[in-house]
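Undergrad: below are the sequence and a predicted model for it; my questions follow.
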Amino acid sequence: MSKIILLKICMLLLLPFFTKAQTQQKQLYSLHVALGNATNDTVKMITLYQIAEYYAESNRDSALFFAEQAVVISKQIRQPIWTANLLVAKSYFL
């Protein structure tokens, strides 16, 4: 009987972690939708940066991939401060 109660308590304590994971997936999905709908290069660059930040701790390769795409756009639209910021972020990912 006590094992069942302990199991129920553990499940209740873990519930917030499951909901947080679902929220993060929705955030990533909305960023990819925003990237697909972006018509402005500045919006694309910022969205790519936000996706790179999302992957910063979980998947460094993806973070570097999206950060590099943002660097290319920042150079094309001649935004040196954004370029510097993105290069600093890339150095962190490395």
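TA: Ah, there it is. Note that the structure is a prediction, hence the values are computed from the model and not measured.

Undergrad: can you tell me the SS state at R78?
TA: Three-state assignment for R78 (DSSP: H, G, I helix; E, B strand; the rest coil): coil.

Undergrad: and it, how far from D41?
TA: 11 Å (C-beta to C-beta, to the nearest Å). All C-beta atoms are positioned from the backbone trio N, CA, C, and that covers glycine.

Undergrad: higher neighbour count, these two?
TA: Counting neighbours by other C-beta atoms under 10 Å for R78 and for D41 shows that D41 has the greater number, 13 against 8.

Undergrad: contact partners for the nearest residue to the more buried one once chain neighbours are set aside?
TA: Excluding its sequence neighbours, the residue lying closest to D41 (C-beta to C-beta, 6 or more residues apart in numbering) is I77, at 5.0 Å. By C-beta atoms under 8 Å, 6 or more residues apart in numbering, the residues touching I77 are 41-42, 45.

Undergrad: in three-state terms, label the nearest residue to K90 once chain neighbours are set aside for me.
TA: In space, and not counting its chain neighbours, K90 is closest to A67: 4.7 Å by C-beta to C-beta, 6+ apart. Of the three states, A67 takes helix under three-state DSSP.
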